[in-house]
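*Asks:* what follows is a predicted protein model with its sequence.
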Amino acid sequence: AEGWHPRFHEGAGRDPTLPYDVYLAQTRPVSVTSLEHLRAAALGEDGLTERAVLLSLDDGSDACRFRLRHHARFPYPFAGWSNAWQGSGLWWEDLLQTYKADVTKDAALEAFFLRKGAAARAAGARRWSSWPP
């Protein structure tokens with residue numbers, strides 16, 4: 001139809017319980033499927049990140065994905081335009097890239113982050129299962 005643009009379409013795939021700017025931000029993260037995929041996507045040829053990295057990890061459960069989507073609202077507001085309704089302001093991808101991964105999809109990804117998570121818990125970090133309070 002004339003004048004139709006997918007950015008303004010309120011059709012299929014949009015969760016009506018989330019504000020539109022949150023919905024737009026949640027379409028931005030790169031889905032990574034393995035630790036090597038994450039390395040290839042996030043690191044430059046010199047092995048360093050070119051931009052800051054914001055990564056969400058889930059355990060494959062609907063409960064975890066619900067918390068990330070509805071409670072944390074990942075990656076809002078750090079994706080797309082800072083003023084999403086007007087398509088202006090700061091373009092977040094100039095500064096950082098958002099990624100999301102299901103750690104149960106790749107053994108190397110799971111081992112890498114579970115090892116880091118175990119060390120963080122030993123240092124007194126809160127468990128994700130207790131979040132949000």
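*Replies:* Perfect, thanks for sending it.
*Asks:* all helices for the chain, in order.
*Replies:* Secondary structure of the chain (DSSP state H): helices located at 20-26, 35-42, 62-66, 107-122.
*Asks:* need the residues that contact the first one.
*Replies:* For helix 20-26, the external contacting residues (CB atoms under 8 Å, 6 or more residues apart in numbering) are 7, 10, 14-15, 18, 69, 73-80, 84-85. For every residue, glycine as well, the C-beta is placed using N, CA and C.
*Asks:* closest to Tyr99 among those?
*Replies:* Nearest to Tyr99 out of the contacts of helix 20-26 is Pro75 (CB to CB; 8.8 Å).
*Asks:* where are the low-confidence patches of this protein?
*Replies:* Scanning the chain for pLDDT under 70 picks out 1-13, 116-133.
*Asks:* neighbours around the residue lying closest to Leu43 once chain neighbours are set aside, how many?
*Replies:* Closest residue in space to Leu43, ignoring its immediate chain neighbours: Thr49 at 6.1 Å, by CB to CB, 6 or more residues apart in numbering. By the criterion of other CB atoms under 10 Å, Thr49 has 12 neighbours.
*Asks:* thinking again about what came up before, just the buried residues of the contacts of helix 20-26.
*Replies:* 18, 69, 73-76, 78-80, 84 (16 or more other CB atoms under 10 Å).
*Asks:* how far away from the center of its chain is stretch 60-70?
*Replies:* In terms of CA atoms, centre = their mean, to the nearest Å, the centre of stretch 60-70 is set 12 Å apart from its chain centre.
*Asks:* lovely, talk soon.
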